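A.B. asks: predicted structure and sequence below. I'll ask about it afterward.
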Amino acid sequence: MGGKDEGPRVLLVDLDGLTRRFSAEKGRRQRLVRLAASLAEYHTVSASDRARFLKRYRHQAGLHPSGWRAEWRKLASSVAAYNRRAKARKRGKIDGYMD
């Protein structure tokens, strides 16, 4: 980087123009999966409540509400995978404390 006579150098990096590479769809989907996973623990929230929410959510996101059934199926498998990963993370933490 420099000779022995040079002192430390300061470099400035402009990060102002950076954007996230995640698509809006992927971010929306991740938020929806986290919400559905947390609501699954509450027995007072029924399946019809979740279906009504999903229809309204799709409408406000600019998507046609009639696609809620297909999204419901995809969401169910994503939520199951999310919960499995969460349990594994939690189990790993507990195992670390038990050693």
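C.D. replies: Everything's here; your move.
A.B. asks: count the neighbours of Gln63 for me.
C.D. replies: Careful, residue 63 is Leu and not Gln. Leu63: 15 surrounding residues under other C-beta atoms under 10 Å. The way it works is simple: take the backbone N, C-alpha and C, and place the C-beta from them, glycine included.
A.B. asks: host element of the spatially most central residue of the chain?
C.D. replies: Nearest to the centroid of the C-alpha atoms of the chain, with distances taken as C-alpha atoms, centre = their mean, sits Gln30, at 3.0 Å. In this structure, Gln30 sits in helix 24-39 according to DSSP states H and E.
A.B. asks: ok, and what's touching that helix?
C.D. replies: Contacts of helix 24-39 from elsewhere in the structure, counted by C-beta atoms under 8 Å, 6 or more residues apart in numbering, are Arg20, Val45, Arg50, Tyr57, Ala61, Leu75, Ser78, Val79, Tyr82, Asn83, Ala86.
A.B. asks: now the helices for the chain?
C.D. replies: Remark: helices assigned in the chain by DSSP state H are 24-39, 47-60, 68-98.
A.B. asks: for the record, mean pLDDT for the last one?
C.D. replies: Average pLDDT, helix 68-98: 79.
A.B. asks: one step back: buried among the contacts of helix 24-39? Make that a ChimeraX selection.
C.D. replies: The buried residues among the contacts of helix 24-39 can be selected in ChimeraX (16 or more other C-beta atoms under 10 Å) with this line:
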select :50,57,75,78,79,82,83
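A.B. asks: want to throw the contacts of helix 24-39 into JSON lines with distance to Arg34?
C.D. replies: Putting the contacts of helix 24-39 into JSON lines (distance: C-beta to C-beta, whole Å) gives the following:
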{"residue": "Arg20", "distance to Arg34": "17"}
{"residue": "Val45", "distance to Arg34": "15"}
{"residue": "Arg50", "distance to Arg34": "14"}
{"residue": "Tyr57", "distance to Arg34": "13"}
{"residue": "Ala61", "distance to Arg34": "16"}
{"residue": "Leu75", "distance to Arg34": "11"}
{"residue": "Ser78", "distance to Arg34": "10"}
{"residue": "Val79", "distance to Arg34": "9"}
{"residue": "Tyr82", "distance to Arg34": "7"}
{"residue": "Asn83", "distance to Arg34": "11"}
{"residue": "Ala86", "distance to Arg34": "10"}
